[in-house]
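Student: Model the structure of this input:
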Amino acid sequence: MSVRNIVAFRNDRFGEFLLNIPAFRSLKEAYGQAKLTLVVDPYAQELSRCIEGVDEAIAWENRRRKFGEILQFSAFIKKKKFDLCVVFNPSKASHIASFLAGIPVRVGYARKFGFLLNHTIRDKKSLGEKHEVEYNLDLASLAGGRSTDKSLSLKLDPGVLARMSKKAGASEGIRLVAVHPWTSDPVKQWPSENFFQLTRRLAEHKRVKVVIVGGKDELSKDAARYDGLENTLNLTGKTSLIELAALLKNCSVLISGDSGPVHLARCVNAPVIALFSNVLPGKGPVRWGPWGDGNSVIAKPSLSDITVDEVLERLTRRL
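Tutor: You can find the predicted model right below:
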């Protein structure tokens, strides 16, 4: 069968979405001149435009949907005449929509109405035996994807890079250290007070400038307490994802728990010091740690057992 038009679903959070970049690349490389369309969360749509080989991105929020909404979306994608569909984050809505759209080859996981697909594999991600990037590549290979390039990468406009460098106050002899003190899952949260004390101690070093990063949804947490700290710039809620990527590229390192900015940093080759609990394999660093070389992971059964001194010692080695 000739494949000329591919659609790939990954419409959950932007961090998870970014870990599909090698899988998207493998599909594009396997099918030569085929058009590649992504179905993504609206928040991640701007990032899609920065991925090499992506031709179009359709916004479709991953939430509980009425059947009429699914019918409407399936009719919309049916008009695009896709030959191949890969659902990277399984959902009943996506499986129903791709089936009703009459896409001939439908690939995904054997769960959440997986019987509506015609090529499936078992979802074993909860075992946490390998990285999410590798799980995504496994599914892409079932769809015929193949590539030796497993890197994460984004194309960024030089103008945005220069603007964010200026905004962060980058200068010769000063190291920018990004700190993201929050995570969407309380199980993955290093104590907030630890992040605050880490920032205060980092800011004591005159050759270091700390940049606090986070999304608008994190303004309601304790972001305001970082305002006014010496040698600290609080940019929480003040950047788009593209601007955040450009900012991280200007930083010497990002310190964070398991979060989207970790994976965004790796897409621009910024090293990461990541803090993890290693109790639950499906939520641990083997599956969700920073991808690639040059990173550092501190993992303990309880995140509260990780001390500020340990993180500072890792950072000293990094810098």
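
Student: Quickly find the element holding Ala299.
Tutor: Using DSSP states H and E, Ala299 sits in strand 296-300.

Student: Alpha carbons of that strand, in PDB - could you do that?
Tutor: This file holds the C-alpha atoms of strand 296-300, laid out as PDB (Å, rounded to 0.1, in the frame of the first residue of the first chain):
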ATOM      1  CA  SER A 296      22.200  14.200  36.000                       C
ATOM      2  CA  VAL A 297      19.400  12.400  37.900                       C
ATOM      3  CA  ILE A 298      19.100  12.300  41.700                       C
ATOM      4  CA  ALA A 299      16.600   9.600  42.600                       C
ATOM      5  CA  LYS A 300      15.500   8.300  46.000                       C
END
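
Student: Report the next helix or strand after it in sequence order.
Tutor: Toward the C-terminal end, the helix or strand that comes next after strand 296-300 (DSSP H and E) is helix 308-318.

Student: So which bits of that following helix are buried?
Tutor: Within helix 308-318, the residues that qualify as buried are Val308, Val311, Leu312, Arg314, Leu315, Arg318, counting by 16 or more other CB atoms under 10 Å. For every residue, glycine as well, the C-beta is placed using N, CA and C.

Student: measure the closest residue in space to Val279 that isn't next to it in sequence to Cys267 for me?
Tutor: By the measure of CB to CB, 6 or more residues apart in numbering, the closest residue to Val279 outside its immediate chain neighbours is Pro301, 5.2 Å from it. According to CB to CB, to the nearest Å, Pro301 and Cys267 sit 30 Å apart.

Student: hmm, back to that, ok, the residue nearest to Val279 touching Gly284?
Tutor: No. Using CB atoms under 8 Å, Pro301 and Gly284 do not qualify as a contacting pair, with a distance of 10.5 Å.

Student: Quickly list what's touching both of the two.
Tutor: When contacts are counted by CB atoms under 8 Å, 6 or more residues apart in numbering, Pro301 and Gly284 have Ser277, Asn278 as shared neighbours.

Student: Quick check on the two: which one has the bigger neighbour count.
Tutor: More neighbours surround Gly284 than the other of Pro301 and Gly284, with 18 against 9 (other CB atoms under 10 Å).

Student: Strands of the stretch 151-300 of the chain, start to end?
Tutor: Assigned by DSSP state E, counting those that start in this stretch, the strands in the stretch 151-300 of the chain fall at 175-180, 208-212, 232-234, 253-257, 272-277, 296-300.

Student: starting at the chain centroid, how far to the fifth one?
Tutor: It refers to strand 272-277. Strand 272-277 sits 15 Å away from the centroid of its parent chain (CA atoms, centre = their mean, to the nearest Å).
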